[in-house]
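*Asks:* here you go, sequence then predicted model.
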Amino acid sequence: MSKFVNAWLLSTVAVWIFIPAIVFAQTAPSPSPAVVPPARDLSATEQQIFRDYERFEKSLFDVGEQLRRKDPERAELLYRARSQSQEQNILAEMQTIAELLRTQNASGATAEPQYGPAADRQKEVLVRMKAVLRLLQSQDERERVGAEIARIQELLKQTNRIIARQKDVRADTQRSSDPSKNSDAQKRVADEAKKLSDQIEKQDTEREQQNSGPSTGEQKPKGEQKSGKNPDSQKKSDSGEESKPSEGEQSSPGEKSEGEKSGGKPSGEQKPGSQGEQGSPGEQDQQQSSPESKSPDSQKTPGREQLEQARQKMQQAIEKLQQKQKDNAVDDQDQAVDRLEELKAKLEEILRQLREDERESYLTMLEARFQNMLKRQQHINTETIRIDRIQVSDRAQQNFASQADNIRKEQEDNALEAGKALHLLKEEGSSVAFPEAVQQMHENMMLVAARLSRQETGQTTQVVEKMISDTLEEMIAAFRQELQEQQEKKQQGPQGGQGQPQDPGLINQLAELKLIRSLQNQINVLTKQIGTEVVNGAVGTPDQRQLLHDLKVRQERIQEATYDLSVGRNQ
């Protein structure tokens with residue numbers, strides 16, 4: 001049920017990303033001296049898109065309500081997507097675009113459409129809609145990419161083992177006075193390579209079958225295309241077949257495949273400099289959204305051709321070993337190692353890209369979750385200040401206790417959400433400061449809830465509430481900065497690198513240090529605030545003593561987090 005709903009939602013939002021891209025292309029100013037206005041009534045088209053997207057936005061809430069009990073995690077994702085869409089004012093922007101494209105005013109007189117401003121606004125709407133699409137994808141995409149990472153890692157492990165054994169056989173051949181004795185060892189390595197090839201073939205077939213169902217409508221990048229330059233290749237799938245562009249994707253004339261040009265770029269990367277040649281900006285954004293394409297050829301694991309070539313060289317080496325042609329056998333073995341190293345490089349590159357995609361999906365999901373928490377917290381803060389201004393003499397009459405209890409319940413709900421976010425960050429494991437910040441934020445939320453339960457809405461409660469919202473804002477800013485840098489890296493194209501790809505950290509070290517500084521400032525502020533409540537230097541109330549003890553524990557944890565960050569324990 002949830003998979004069907006998710007596919008329907010993704011297909012719907014992708015369609016409404018694609019349609020404005022067409023309108024954008026039609027309204028964009030022509031480079032020619034004579035601008036010919038479009039024959040279609042683009043204002044009416046934009047209004048229809050507005051109405052359809054309005055229904056889609058409503059359906060996010062309706063479907064979320066249906067899934068709330070059976071699949072609360074997915075329901076929460078739909079709620080966040082709807083909130084993000086509303087916060088981005090997508091519908092309001094569509095209405096403005098329709099007005100700019102209008103050819104008649106309210107009185108029926110002819111009006112001059114403003115194509116330039118309309119095109120600029122449409123471009124911005126596409127960016128905002130793409131953000132909603134990314135959020136809707138984040139949960140399933142994270143699971144899919146995680147499974148693909150595990151698959152590629154296993155293939156890479158087997159490839160490294162075959163390379164090591166092939167090198168051993170090659171060394172034994174070179175040292176041996178009777179090369180024919182090494183033919184059995186070479187055959188065993190060739191059998192391992194065959195087993196790996198069959199495994200990849202089976203996996204690719206299963207992946208192709210899984211992705212042959214109804215399309216979600218998302219425009220994905222072209223997969224890796226085989227060069228077809230090896231005359232020895234016996235597999236049709238490796239002999240130069242090219243991935244066909246998916247619907248809405250426009251390929252540049254004479255464009256070469258990534259496999260041909262770079263010898264193993266991941267299928268999710270877009271060729272630098274190709275923007276502007278493949279349709280509208282909205283289409284380009286979608287083409288960069290995933291490391292895999294839905295076209296059949298793109299479901300094939302990179303490097304299959306190199307593996308097949310390595311197997312052929314191994315077979316040739318076996319024949320020459322049996323014929324005691326030592327030098328020729330060594331040459332074939334060297335070429336087998338070279339082809340296997342190329343396979344390894346392709347797997348490492350796709351693994352690196354998959355990890356980047358996983359990180360982007362994770363950051364998108366966390367940003368949306370923290371945005372939702374911030375919105376709730378700001379409402380809590382405002383309500384606390386409002387009821388605190390009620391005169392003590394009027395509080396019984398204005399249901400002060402009931403209002404404070406309602407705010408307490410809202411704060412506890414937000415603390416529950418913070419607990420879920422803390423679990424996600426600890427599970428990810430690459431950040432030091434952010435889990436600590438969320439844990440302290442969760443403790444602050446529970447502190448506020450406890451004080452509200454005692455109807456304490458004064459300065460200390462408000463200071464802690466402000467600290468919570470400040471922490472949320474700082475973390476959201478860090479997530480956005482990381483996402484922006486991620487997009488810039490994609491636009492710059494692949495970066496060269498050798499060796500086993502490392503897991504990229506969730507947040508860079510500078511952002512971690514800034515957050516640790518903020519946590520220390522919070523402890524300082526709370527310490528001073530308690531000082532304002534102390535009379536004659538004596539901490540009198542149990543609450544004050546407990547809070548001081550909590551601050552001591554927090555200070556120790558910040559010290560530990562700072563040490564972990566300094567020695568790179570999270571890496």
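*Replies:* Structure received.

*Asks:* what strand or helix carries the most centrally placed residue in the chain?
*Replies:* Nearest to the mean C-alpha position of the chain, by CA atoms, centre = their mean, lies S361 at 1.7 Å. Using DSSP states H and E, S361 sits within helix 326-388.

*Asks:* quick one: that helix to chain centroid distance?
*Replies:* 7 Å (CA atoms, centre = their mean, to the nearest Å).

*Asks:* T457: what secondary structure?
*Replies:* Recorded secondary structure, T457: coil (DSSP: H, G, I helix; E, B strand; the rest coil).

*Asks:* just for the stretch 51-200 of the chain, where's the confidence low?
*Replies:* Across the stretch 51-200 of the chain, the ranges flagged by pLDDT under 70 are 106-108, 138-139.

*Asks:* my read: V125 touches T96, true?
*Replies:* No: between V125 and T96 there is no contact under CB atoms under 8 Å: 9.5 Å. For glycine as for every other residue, the C-beta is placed from the backbone atoms N, C-alpha and C.

*Asks:* the two: who's more crowded?
*Replies:* A side-by-side neighbour count of V125 and T96, using other CB atoms under 10 Å, places V125 first with 27 against 16.

*Asks:* for that one, give me its contacts.
*Replies:* 20, 90, 93-94, 97 (CB atoms under 8 Å, 6 or more residues apart in numbering).

*Asks:* tell me the one of these nearest D331?
*Replies:* Distance ranking of the contacts of V125 against D331, using CB to CB, places P20 first at 58.2 Å.

*Asks:* show the pLDDT at that closest one.
*Replies:* P20 is assigned a pLDDT of 52 by the prediction.

*Asks:* do the one 4 residues further on as well
*Replies:* As predicted, F24 sits at a pLDDT of 51.

*Asks:* returning to that earlier point: name the residues of the helix or strand following the helix holding S361 that are buried.
*Replies:* Sequence-wise, the next helix or strand downstream of helix 326-388 (DSSP H and E) is helix 400-428. By neighbour count on 16 or more other CB atoms under 10 Å, the buried set for helix 400-428 is 400, 403-404, 407-408, 410-412, 414-415, 417-418, 421-422, 425, 428.

*Asks:* any weak-confidence spans in this structure?
*Replies:* Where the chain drops to pLDDT under 70, the residues are 1-40, 106-108, 138-139, 211-299, 493-507, 534-540, 569-571.

*Asks:* using PDB, write out every CA atom in stretch 338-358.
*Replies:* Output of stretch 338-358 as PDB, limited to C-alpha atoms (Å, rounded to 0.1, in the frame of the first residue of the first chain):
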ATOM      1  CA  ASP A 338      44.700  -4.200 -15.900                       C
ATOM      2  CA  ARG A 339      41.100  -4.900 -16.900                       C
ATOM      3  CA  LEU A 340      40.300  -6.000 -13.300                       C
ATOM      4  CA  GLU A 341      41.800  -2.700 -12.000                       C
ATOM      5  CA  GLU A 342      39.600  -0.800 -14.400                       C
ATOM      6  CA  LEU A 343      36.600  -2.700 -13.000                       C
ATOM      7  CA  LYS A 344      37.700  -1.800  -9.500                       C
ATOM      8  CA  ALA A 345      38.000   1.900 -10.500                       C
ATOM      9  CA  LYS A 346      34.500   1.900 -11.900                       C
ATOM     10  CA  LEU A 347      33.100   0.300  -8.800                       C
ATOM     11  CA  GLU A 348      34.900   2.700  -6.500                       C
ATOM     12  CA  GLU A 349      33.600   5.600  -8.600                       C
ATOM     13  CA  ILE A 350      30.000   4.500  -8.500                       C
ATOM     14  CA  LEU A 351      30.300   3.800  -4.700                       C
ATOM     15  CA  ARG A 352      31.700   7.300  -4.200                       C
ATOM     16  CA  GLN A 353      28.700   8.800  -6.000                       C
ATOM     17  CA  LEU A 354      26.200   6.600  -4.200                       C
ATOM     18  CA  ARG A 355      27.600   7.700  -0.900                       C
ATOM     19  CA  GLU A 356      27.200  11.300  -1.900                       C
ATOM     20  CA  ASP A 357      23.600  10.700  -3.000                       C
ATOM     21  CA  GLU A 358      22.900   8.900   0.300                       C
END
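
*Asks:* same question for it: list its buried residues.
*Replies:* Under 16+ other CB under 10 Å, the buried positions of stretch 338-358 are 339-340, 342-358.
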